[in-house]
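Colleague: fold the following.
(chains A and B)
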Amino acid sequence: MTKLLDVIDLRTSFDTEHGTVTAVDGVSFSVAQGEVVGIVGESGCGKSVTAESILQLLDPSSTRYSGQMNFDGEDLLTFGEEAMRRIRGNRIAMIFQDPMSALNPVFTIGDQLTEAVLAHRKIGKRSARSAAVDLLDKTGIPEPERRMRQYPHQLSGGQRQRVMIAMALSCDPELLIADEPTTALDVTTQAQILRLLIELKDEFNAGILFITHDLGVVAEICDRVVVMYLGEVVESTDVHTLFDNPAHPYTRGLMASTPDVGSDPSADLPIIPGSVPTLHNVPSGCRFADRCPFALPECRERTVELEVLSPDHTSRCIRSQELIGNSPVKDGMAR
Amino acid sequence: MVGFLMRRAAALIPVLIVVAIVTFLLIHLMPGDAAAVMLGPEATPAQVETLRQSLGLNEPLYAQFFTWVVSALQGDLGQSFFIGLPVATVIQAALAPTINLAIFAEIIAILVGVPAGIVAARKQGTGTDQTVMVGALLGISVPSFLLGLFLMLIFGVLLGWLPVAGYSPLEDGIFETLKYLLLPAIALGSMQAALIARMTRTSMLETLSKPYLKTAKAKGLSGNRIIYKHALRNAAMPILTTIGQTLGTLVAGAAVVETVFNVPGIGQLIVNSIERRDIVVIQGVILLIAVSYVLINFLVDVLYSVLDPRVRYS
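Modeller: Model (predicted):
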C-alpha cells in the first residue's frame, strides 16, 4: 500500500503564559490509501492536537510545528496558508467530536454544505446545492431536501454528525481525519455512524485517521493503531497484534480498564493508578513510569526510545520484550 | 416568523401604557401648581386660573388622562404655552435635524466601532489591540461637548474646512446637510463608537474560540470569510444590543451636542423648553423619546430573530 500521509517526528508546541509546552513530542505514523489508522489515548495525550496539526488548524500566533508531514510526496509543514487552505476540506477533510458545536448555529445545513462544496470546486451555486443534497442522501439522512433548509438545532445528534460527514466528503478527500466522531453520540447511533464511515471509506477509497479513546471502536474499525501517552507514541502496530500481544504497560492498562462482555459486572473495573501529568511537568525518563506497575528504577533514569519488536510493531518500554505475549493483560493492574 | 413578530409587538402594549402614564403624570408630579410654575412668580391668580382652565387641570385626573391619551393618539400633544404653536408642529420641525444627526452619528460609530473591535479581537494582545482599546477608553472618557469644541476649533476655525455651527435642511441638498452635521456627528458618535468597539471585541473573542470556526477553517474557507461570515454573524447579537442602546442614548447626547453646534433639533428644543418652563412641550418630547426607545428595542428584537434562527423557534 502506498503511504498517503507520512508523519515523521512531528512536534507541536504552544506558547503559553507559563512558557512553552510541547503537546505532541516527536510523533511518527503513516496512513495508507484505504486504511484506517487509529490514534488512541486518554484525554490530554495529544491525539487531538496531532489531528489538528495535520491541517494546521491551531492558533497560528501561538503554535509551532516541526518535523515532516508528507502528504502525496509534499511536506505540508512547508506549505503557506493559502496552499494549506486548498488542502483543507478538499484533499484532507476533518470530522469533529461534538456535531452540535461544530456546526454554525446561525446558518442552515444547506448553506454550510454548499459552502464546503464551493470552497474547492469551480461550479455554480445551483449545482453545488444539488451536490450537497446528494451528499446528504449518501449519508442516509431522510428527506435531505428538507434538511437543507433546517438549522443545526433542529436536527438530532446523529443527523448532525451525518451532516458533518457529508460536509467532509464534499470534495472527495483522499484522507479523512475523524476526531472522536462518535463520542458525543449514544451507542446505537455510534454504531450507525461507524458503519457509515466504513462504507463511505470503501466507496471513496480514502484513508482514515481515527482519533478515539475507545478501544472498542478501535477493534471495530481500525487496521492499525497508534497508542499515545503524554505527547508521545508509546506503541504502534496492527490491530490484531495490539489486542493479542500488547507490549506496552500503558496499552495493557487501557485494555484492562475496558469492560467487555465477559467482565464480571459486580467486580470493580481495573484502573490505571494516578492521572496524566500536565504538560508543564513532564517526568524525565519514561513518562509513564510513575503510573506503571512494571516500572524499574532505571525507567526513570533515561529517556526511553521506541523499540522495534517486529517489522510492524514498536513499543516505548524497556521491558517490552518480556511483557509481549507474556502475562495476561489484567495482571499487575490495580483493582 | 409572523407569529413571533405578533407576540413581540403585543408585548409592547403594556410598556407603552406605562410610558403614557408616567409622561402624563409628569405635569402633576412637579412641586406646586403646574400653571403657576409655567407662568412664573409675577403672574396674577387670575392668569393662573385661566391657564388651569385651558390646560384642563381642574378636571379629575382620570378624565385628564383620558383626554390626553385620545388627543395624543390623534397626534395632538397640546399647545406650546411659550411659542403659541401646537407641540406636534414644534417637535416636527425639530425632529429632522436630530434624526439626521443621530443616524449620521450612529453610522459613523458602527463603521468605526465594528471594524476596530474585529481587528482588536483578531490581534488580541498585540500593539494594535492595545491601540484600539486605548482609543476606545478615550472615546468613552472625553465628553462630547469637549470633543465638539476641539473639532470645531480645528476643522471649523483653524483649517476652515467645515462650517463651525448651524444646520442646513435636507431640502437644500444632502451634501450641505452632511457638511454641517459631520463635526457634531463625530462628537456625538465617538462615545458610541468606543462602546461598540469594546463590545465587538469582547463578543468576537468569545466567538473566535467556538468549535464551528474550526470546522469553517477545516472546510478550507479563507480567513476573511471565516471572520466576516461565520464569526461576525454569531458575535452580532451583543453588538446589536449595544447599537440599540447607544441609539437610544443619542437623543440625550444630542441635547449637548446640538447646543454646542447650534443645531435646531430636539435636543435644543428640550433644553430651551426647560428654560422656558414650557411643560407641555417637555411632555411631548419625553413621550416621543420614550416611544422611540421602545420601538428601537422592538427593532433590535426583530433583528435578533433575523440573525439567529434559535430565537425564532424558542
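Colleague: where in chain B is pLDDT low?
Modeller: Applying pLDDT under 70 to chain B picks out residues B:313-314.
Colleague: now the helices: where do they sit in it?
Modeller: Ranges of helices in chain B, per DSSP state H, are B:2-29, B:34-39, B:45-55, B:61-73, B:87-122, B:127-141, B:144-151, B:174-208, B:211-218, B:223-225, B:232-261, B:266-276, B:279-307, B:309-313.
Colleague: got these as TSV, with mean neighbour count and distance to chain A columns?
Modeller: Yep, even glycine has a C-beta here, placed from its N, CA and C like the rest. Shown next, in TSV, are these (neighbours: other Cβ atoms under 10 Å in any protein chain shown; distance: least, Cβ to the nearest Cβ, whole Å):
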stretch	mean neighbour count	distance to chain A
helix B:2-29	13	15
helix B:34-39	19	52
helix B:45-55	14	53
helix B:61-73	13	39
helix B:87-122	21	10
helix B:127-141	16	12
helix B:144-151	18	35
helix B:174-208	22	9
helix B:211-218	23	4
helix B:223-225	13	8
helix B:232-261	21	5
helix B:266-276	20	36
helix B:279-307	18	6
helix B:309-313	15	4
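Colleague: nearest to A:Pro142, out of these?
Modeller: Counting by Cβ to Cβ, A:Pro142 lies closest to helix B:309-313 out of these; the figure is 20.3 Å.
Colleague: what's around the residue in the stretch 151-300 of chain A that chain B sits nearest to, how many residues?
Modeller: When scored by Cβ to the nearest Cβ, the stretch 151-300 of chain A has A:Tyr151 as its residue closest to chain B, at 4.5 Å. Here the number of neighbours of A:Tyr151 (other Cβ atoms under 10 Å in any protein chain shown) works out to 20.
Colleague: touching, it and A:Ile109? I think so.
Modeller: Yes - with contact defined as Cβ atoms under 8 Å, A:Tyr151 reaches A:Ile109; the gap is 7.3 Å.
Colleague: any idea which element A:Ile211 lies in?
Modeller: Secondary structure from DSSP states H and E places A:Ile211 in strand A:207-212.
Colleague: partner strands of that strand and their direction?
Modeller: strand A:36-40 (parallel), strand A:175-179 (parallel) (DSSP bridges).
Colleague: next SSE downstream of it?
Modeller: Using DSSP H and E, the first helix or strand after strand A:207-212 is helix A:215-221.
Colleague: which residues of the stretch 151-300 of chain A fall in helices?
Modeller: For the stretch 151-300 of chain A, the helices defined by DSSP state H, counting those that start in this stretch occupy A:157-168, A:187-204, A:215-221, A:239-244, A:249-256.
Colleague: give me the nearest residue to the residue of the stretch 151-300 of chain A closest to chain B, chain neighbours excluded.
Modeller: B:Pro309 (4.5 Å; Cβ to Cβ, 6 or more residues apart in numbering or on different chains).
Colleague: who are the neighbours in contact with B:Ile107?
Modeller: B:Ile107 is in contact with B:Gly189, counting by Cβ atoms under 8 Å, 6 or more residues apart in numbering or on different chains.
Colleague: got any ranges where the stretch 1-150 of chain A has weak pLDDT?
Modeller: Within the stretch 1-150 of chain A, the stretches with pLDDT under 70 are A:1.
Colleague: residues from it in reach of chain B?
Modeller: Those residues of the stretch 1-150 of chain A that sit near chain B, judged by Cβ under 8 Å from any Cβ of the partner chain, are A:52, A:55, A:57, A:81, A:85-90, A:93-94, A:96, A:98, A:101-108, A:115-116, A:119-120.
Colleague: contact partners of the strand holding A:Ile211?
Modeller: Outside strand A:207-212, the residues that reach it (Cβ under 8 Å, 6+ apart) are A:4-5, A:31-40, A:47-48, A:50-51, A:54, A:174-183, A:197, A:201, A:217-218, A:221-222.
Colleague: again, only this time at 7 Å
Modeller: A:4-5, A:31-40, A:47-48, A:51, A:174-180, A:197, A:201, A:218, A:221-222 (Cβ atoms under 7 Å, 6 or more residues apart in numbering or on different chains).
Colleague: of those residues, grab the buried ones for PyMOL.
Modeller: The buried residues among the contacts of strand A:207-212 can be selected in PyMOL (16 or more other Cβ atoms under 10 Å in any protein chain shown) with this line:
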select buried, chain A and resi 4+5+31+32+34+35+36+37+38+39+40+47+48+51+174+175+176+177+178+179+180+197+201+218+221+222
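Colleague: just the buried subset of the residues of the stretch 1-150 of chain A next to chain B, please.
Modeller: Buried among the residues of the stretch 1-150 of chain A next to chain B (16+ other Cβ under 10 Å): A:52, A:55, A:57, A:85, A:87-90, A:93-94, A:96, A:98, A:101-108, A:115-116, A:119-120.
Colleague: please tell me how far A:Ser13 sits from A:Val304.
Modeller: From A:Ser13 across to A:Val304, the span is 21 Å (Cβ to Cβ, to the nearest Å).
Colleague: now A:Gly73
Modeller: Here A:Gly73 is placed at a distance of 32 Å from A:Val304 (Cβ to Cβ).
Colleague: okay, now the domains of the chain?
Modeller: All of this is about chain A. Chain A resolves into domains spanning A:3-227, A:245-323 when parsed by automatic domain parsing.
Colleague: that's the other chain; I wanted chain B
Modeller: Domain assignment for chain B by automatic domain parsing gives B:2-73, B:98-264.
Colleague: ends of the last one, what's the gap?
Modeller: Counting by Cα to Cα, to the nearest Å, you get 8 Å between the two ends of domain B:98-264.
Colleague: how about the shortest one?
Modeller: Start to finish, the residues bounding domain B:2-73 are 26 Å apart (Cα to Cα).
Colleague: just checking, B:Glu106 touches B:Gln192?
Modeller: Yes - the pair B:Glu106 and B:Gln192 passes the contact test of Cβ atoms under 7 Å, sitting 6.5 Å apart.
Colleague: make JSON lines from the helices of chain B and add distance to A:Arg126 to it.
Modeller: Converted to JSON lines, those look like this (distance: least, Cβ to Cβ, whole Å):
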{"stretch": "helix B:2-29", "distance to A:Arg126": "29"}
{"stretch": "helix B:34-39", "distance to A:Arg126": "68"}
{"stretch": "helix B:45-55", "distance to A:Arg126": "67"}
{"stretch": "helix B:61-73", "distance to A:Arg126": "51"}
{"stretch": "helix B:87-122", "distance to A:Arg126": "32"}
{"stretch": "helix B:127-141", "distance to A:Arg126": "41"}
{"stretch": "helix B:144-151", "distance to A:Arg126": "51"}
{"stretch": "helix B:174-208", "distance to A:Arg126": "31"}
{"stretch": "helix B:211-218", "distance to A:Arg126": "22"}
{"stretch": "helix B:223-225", "distance to A:Arg126": "20"}
{"stretch": "helix B:232-261", "distance to A:Arg126": "23"}
{"stretch": "helix B:266-276", "distance to A:Arg126": "50"}
{"stretch": "helix B:279-307", "distance to A:Arg126": "25"}
{"stretch": "helix B:309-313", "distance to A:Arg126": "23"}
